[in-house]
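S.K.: okay, predicted coordinates and the sequence, questions at the end:
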Amino acid sequence: MTDIRWTPSLVEERLVEAADVLKRLPERKAQGYFNTWPAMSYEFSDLAGRAATHSRPPPSSDAIRRMEDALTWTIGLDPVDSKIVWLRASGVRWKVVCGTVGLARAACHEHWLYALCLIAVRLSGRRLPRNCSRRRVIAEVRAAN
């Protein structure tokens, strides 16, 4: 994966795509059960007044492969950082994210940005000094891009 120049925004796009693919995967059903009833045929009067349901097509195999790769990127991150990254990738608003992890908005944003930068550094094959602060990691990644 080192042939791509990874940036935090590219990592974010890939994580958002992975969260979207996870939502579009078919439901997992309990095995061993089946239905012998015939399929219902509805008439227009049965469907009138119902909310429209828009089903999205299932994800492609390439999208599923990229999702599986992206799922492993948060391994090794701090659990709070990982949770923030996946909540934001899923489209959860900052206010809800802050309430979920118990941090202020600025702290949540810094944790999120640090996690994206750390993932980008790992995917690029670079190494960071052992005792590197969050702000230094963010500054170094911004300077490199």
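M.R.: Here it is on my side, so go on. No experiment lies behind these values; they were computed from the predicted model shown. Numbering: from 1, shown residues only.
S.K.: residues contacting the residue of the chain positioned farthest from its centre?
M.R.: Relative to the centre of the chain, and counting by C-alpha atoms, centre = their mean, the farthest-placed residue is Ser45 at 40.3 Å. Residues near Ser45 by C-beta atoms under 8 Å, 6 or more residues apart in numbering: none. The C-beta positions use only the backbone N, C-alpha and C, and glycine is treated the same way.
S.K.: okay, and it sits in which element?
M.R.: helix 44-47 (DSSP states H and E).
S.K.: as a whole number, average confidence for that helix?
M.R.: Per-residue pLDDT over helix 44-47 has a mean of 77.
S.K.: toward the C-terminus, what is the element adjacent to it?
M.R.: Per DSSP H and E, the first helix or strand lying C-terminal to helix 44-47 is helix 61-71.
S.K.: output the contacting helices and strands for that following helix.
M.R.: If you count contacts as 3 or more C-beta pairs under 8 Å, 6 or more residues apart in numbering; DSSP states H and E, helix 61-71 packs onto helix 8-24.
S.K.: kindly export the helix it packs on (C-alpha atoms) in CSV.
M.R.: Output of helix 8-24 as CSV, limited to C-alpha atoms (Å, rounded to 0.1, in the frame of the first residue of the first chain):
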residue,chain,number,x,y,z
PRO,A,8,-5.4,12.3,6.4
SER,A,9,-8.1,13.4,3.9
LEU,A,10,-7.5,10.3,1.8
VAL,A,11,-7.7,8.1,4.9
GLU,A,12,-10.9,9.9,5.9
GLU,A,13,-12.5,9.3,2.5
ARG,A,14,-11.6,5.6,2.6
LEU,A,15,-13.0,5.2,6.1
VAL,A,16,-16.2,6.9,5.1
GLU,A,17,-16.5,4.6,2.1
ALA,A,18,-15.9,1.6,4.4
ALA,A,19,-18.7,2.7,6.8
ASP,A,20,-21.0,3.2,3.8
VAL,A,21,-20.2,-0.3,2.5
LEU,A,22,-20.9,-1.8,6.0
LYS,A,23,-24.3,-0.1,6.0
ARG,A,24,-25.1,-1.5,2.5
